[in-house]
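Undergrad: take this sequence and fold it.
(2 chains)
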Protein chains: 2
Amino acid sequence: MSDRHCAAERFVLTGEQLTVGGVPLPLLVERVGGTPFYAYDRRLIEARVAELRAALPRAMKLHYSIKANPMPALVGFMARQVDGCDVASGAEMRVALDAGMDPREISFAGPGKSEVELAQAVAAGVLLHVESAREVRLLGRIAQRLHLPARVAVRVNPNYELKSSRLKTGGGPKQFGIDSELVPDVLAEIRREGLAFEGFHLFAGAQNLRAAEICEAQSKALELAVHLAVHAPSPVKMLNLGGGFGIPCFAGEQTLDLGAIGDHLHDVAASAAAQLPHAELVIELGRYLVGEAGVYVARVIDKKVSRGEVFLVTDGGLHHHLAASGIGQLIRRNHPIEIYPRRSTAAREVASVVGLLCTPLDLLGHQLELPAAEPGDLVVVFQSGAYGYSASPTALLSHPPPLEVLV
Amino acid sequence: MSDRHCAAERFVLTGEQLTVGGVPLPLLVERVGGTPFYAYDRRLIEARVAELRAALPRAMKLHYSIKANPMPALVGFMARQVDGCDVASGAEMRVALDAGMDPREISFAGPGKSEVELAQAVAAGVLLHVESAREVRLLGRIAQRLHLPARVAVRVNPNYELKSSRLKTGGGPKQFGIDSELVPDVLAEIRREGLAFEGFHLFAGAQNLRAAEICEAQSKALELAVHLAVHAPSPVKMLNLGGGFGIPCFAGEQTLDLGAIGDHLHDVAASAAAQLPHAELVIELGRYLVGEAGVYVARVIDKKVSRGEVFLVTDGGLHHHLAASGIGQLIRRNHPIEIYPRRSTAAREVASVVGLLCTPLDLLGHQLELPAAEPGDLVVVFQSGAYGYSASPTALLSHPPPLEVLV
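TA: Numbers count the residues shown, from 1 in each chain, chains lettered A, B, ... in the order given. As a prediction, this is how the structure comes out:
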């Protein structure tokens, strides 16, 4: 039995070295020019997309949620892998368009879009997920001014929750979307303002590992969309079921049962074909597409034994990888971490992997059992392809930001 | 009795408007060119320095810890307020030197200094707080190569803790400094390598609001330094007692009793004069100097009522102000927040202040009782002068970073 986390096992080992995108780690370090850096593996992303294509109904569209990882080269690569994308800011929209994404397949969501961003989206022909009556009124004015259609879908705050999601974006009172019971009024407003209605976006939560709950939310989303479609100014052409597919970051977490979700989505698609015959179904994923394909690589620069505890001091830290530091978790848990070269004969020892910042919060791994490491060794943090670099406070203590490479 | 947080009361009100550095907020918004932004008030920093000067012994040096807020204009201002500064990276050292700080009064601490950074500090004539035997060896080589003295103080991991500090940087096993029981060996190594020994740095924790605990730690620091001085290659010229002075961020927290600390430091200074007659004492503060002088200003762009709860959607968010979002706290508590204009006649209502990001974590204030606000109003988050901008994940969702202004 392997002692490795399932995330580490996706990467090939060549002797004692990890390979990323087929390149052994020491060579990759040379190629990047140093540590620390993030590396994303194209083959693993392709493999994940292939798994999804095999599981999901053929006609279902697969979208990439750029906020998970907005590195332009990666978005360019994703543009050839998926059918469209979701953006959350004017800048993300620019990255998507630069990457060659078809504006018809770009959607723009967010609870606080500015007037400038709304106009950018109309000018580009991007689909706006409207989240308030304010946006509907502004879009009416913008469409008139630009003599262009304002393509809109209504982001619905459903009357149900995605139960065990770490991050609930729907159900109960929320700043996201429009409460389902208020949607008929907003649809009437969309008709009055002459906006180009296309459909609904129902997204109840993120980072969920329980297939049954995701399936239940998808069924409820379809049911709610069918119910709301009665009030729509035109037939529903698009139904975005959101995502919420989680990846296991911590020891003991199960991998998501994609097969079960795929089977269920075949039923949902059949049901949608009968009830919303003009609607294309969209699944929108971020973390699930790229999270497991990325690693963060730092180098051990010092090994300190303080009062019996071992500290591996690296040249990285929480300013590069806030998620690994555990900030934001109620109970701190370790990301999967390995040391390279992976010396099979090395004695094992308990060590904490820390960054170079002057704060006790700068902890990448707390009291891990690892092969004994030495200065010069490389530390690899897995499950780092999503919400890593872009979600970290890179300016803290003014150290250089990490590098990024797509391999 | 005022309903305002003590932090808000430091700022002058002119009618319904807050003033920052004497400038009414609406005018400041125009001058900055828009929201969101951080504003730091020079007068409040001066007042804080004056309070400290009045409380501390005359001969005690006051240092600014740049990591609290590295904005170059602010560091330039601080250079004329304080006697020196502490830096935590090569880039912070550059900012300090650019600001005109005397290199003799700059110290450089950090558990993972790179060889390049160590050489930068030696070349600049900055004092290095050495934190491991590795640094001593490297500095020996660097001093030889550059034909320059390597000025060092030993950062000691003491054998006591600063009890209720939120962030403990000393006591028990730590990646910071050198365990006090190992310091004699390191001092011998410093002598062998021919480094220019200057003293000790003892810093047990940060953000503490209990004067008695800070005083106790200072007494123990002196005691430990006296004990360690016996092993030093030359008389102790500098003893950095650290800081740890906290500011009250949350409702119900007491303000630090600076008078009690000042009185105690007079005793410490007298005792030090007798036991370490050549030693200059240094107090090093970051958050305490600038934290209360800063505000984060965002604008309400939408007001949504979802299932009975009010959400004020602003053009800011946790990507600008991670601390206000409560990420990193075990139990989320609100920073002091006010709405401007401050309409005395407005009905009060419970509202949550959220940012524009697509995540439920983007919460600047949770269910605050506030005067009823409207789109266009300004939201001010107090206690934002330290670990605000530089400690936030500004790239998240690719929105523009906040602006910063020193008023």
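Undergrad: roughly how far apart are A:Lys220 and A:Phe197?
TA: 22 Å (C-beta to C-beta, to the nearest Å). All C-beta spots, glycine's among them, are computed from the backbone N, C-alpha and C.
Undergrad: among these two, which residue is more densely surrounded?
TA: The neighbour comparison of A:Lys220 against A:Phe197 (other C-beta atoms under 10 Å in any protein chain shown) goes to A:Phe197, with 22 against 18.
Undergrad: surely that one and A:Ser234 touch.
TA: Yes: A:Phe197 lies in contact with A:Ser234 (C-beta atoms under 8 Å); the separation is 5.3 Å.
Undergrad: the residue in the stretch 101-250 of chain A that chain B sits nearest to - how many residues pack around it?
TA: Per C-beta to the nearest C-beta, the residue of the stretch 101-250 of chain A with the smallest distance to chain B is A:Gly112, at 2.8 Å. Counted with other C-beta under 10 Å, the neighbours of A:Gly112 add up to 27.
Undergrad: so which bits of stretch A:221-229 are buried?
TA: A:Ala221, A:Leu222, A:Leu224, A:Ala225, A:Val226, A:Leu228, A:Ala229 (16 or more other C-beta atoms under 10 Å in any protein chain shown).
Undergrad: now that stretch - C-alpha only, CSV.
TA: C-alpha atoms of stretch A:221-229 as CSV (Å, rounded to 0.1, in the frame of the first residue of the first chain):
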residue,chain,number,x,y,z
ALA,A,221,-31.8,23.3,-9.9
LEU,A,222,-33.6,21.8,-12.9
GLU,A,223,-36.9,21.7,-11.0
LEU,A,224,-36.6,25.3,-10.0
ALA,A,225,-35.5,26.4,-13.5
VAL,A,226,-38.6,24.7,-15.0
HIS,A,227,-40.8,26.5,-12.5
LEU,A,228,-39.2,29.9,-13.2
ALA,A,229,-39.2,29.4,-17.0
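Undergrad: so for it, mean pLDDT?
TA: Averaged across stretch A:221-229, the pLDDT comes to 97.
Undergrad: then stretch A:143-158?
TA: Averaged over stretch A:143-158, pLDDT sits at 97.
Undergrad: tell me how far the residue of the stretch 101-250 of chain A closest to chain B lies from B:Pro371.
TA: Counting by C-beta to C-beta - A:Gly112 and B:Pro371 are separated by 21 Å.
Undergrad: so which strand or helix has the closest residue to A:Phe11 other than its chain neighbours?
TA: Distance criterion C-beta to C-beta, 6 or more residues apart in numbering or on different chains; nearest residue to A:Phe11, sequence neighbours excluded, is A:Leu18 at 5.4 Å. For A:Leu18, the host element (DSSP states H and E) is strand A:17-20.
Undergrad: poorly predicted segments of chain A, please.
TA: Counting by pLDDT under 70, chain A has low-confidence residues at A:1-3, A:164, A:166, A:330.
Undergrad: quick check: longest strand of it.
TA: Identified as the longest strand of chain A according to DSSP state E is strand A:294-306.
Undergrad: got the contact list for the closest residue to A:Val116 other than its chain neighbours?
TA: Of all residues not flanking A:Val116 in the chain, A:Gly90 sits nearest, at 6.7 Å (C-beta to C-beta, 6+ apart). Neighbour list for A:Gly90: A:Ser114, A:Val116, A:Glu117, A:Gln120, A:Ala121 [criterion: C-beta atoms under 8 Å, 6 or more residues apart in numbering or on different chains].
Undergrad: so can I have CSV of those residues showing neighbour count?
TA: Shown next, in CSV, are those (neighbours: other C-beta atoms under 10 Å in any protein chain shown):
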residue, neighbour count
A:Ser114, 16
A:Val116, 9
A:Glu117, 22
A:Gln120, 20
A:Ala121, 26
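Undergrad: I'd like the residues you listed as TSV, with secondary structure and distance to A:Leu97 appended.
TA: Formatted as TSV, these follow (DSSP: H, G, I helix; E, B strand; the rest coil; distance: C-beta to C-beta, whole Å):
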residue	secondary structure	distance to A:Leu97
A:Ser114	coil	18
A:Val116	helix	16
A:Glu117	helix	13
A:Gln120	helix	10
A:Ala121	helix	11
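Undergrad: what's near enough to touch the residue in the stretch 201-350 of chain A that chain B sits nearest to?
TA: Scanning the stretch 201-350 of chain A for proximity to chain B using C-beta to the nearest C-beta identifies A:Glu309 as nearest, at 3.6 Å. By C-beta under 8 Å, 6+ apart, the contact list for A:Glu309 reads A:Val350, A:Ser352, A:Gln367, B:Pro173.
Undergrad: same check on A:Thr169?
TA: A:Thr169 is in contact with A:Phe176, A:Phe203, A:Ala204, A:Gly205, A:Ala206, A:Gly242, B:Cys358, B:Thr359, B:Pro360, counting by C-beta under 8 Å, 6+ apart.
Undergrad: next one: A:Ala324
TA: A:Tyr296, A:Leu318, A:His335, A:Ile337, A:Leu364, A:Gly365, A:Val381, A:Ser384.
Undergrad: and with 7 Å instead?
TA: A:Tyr296, A:His335, A:Leu364, A:Val381 (C-beta atoms under 7 Å, 6 or more residues apart in numbering or on different chains).
Undergrad: show me what counts as buried in the strand holding A:Leu18.
TA: Buried residues in strand A:17-20 (16+ other C-beta under 10 Å): A:Gln17, A:Leu18, A:Thr19, A:Val20.
Undergrad: mind putting the residues you listed into TSV with distance to A:His399?
TA: Below are the buried residues of strand A:17-20 laid out as TSV (distance: C-beta to C-beta, whole Å):
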residue	distance to A:His399
A:Gln17	27
A:Leu18	25
A:Thr19	28
A:Val20	23
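Undergrad: before we move on, back to that, in strands only, show me the contacts of A:Thr169.
TA: A:Gly205, A:Ala206.
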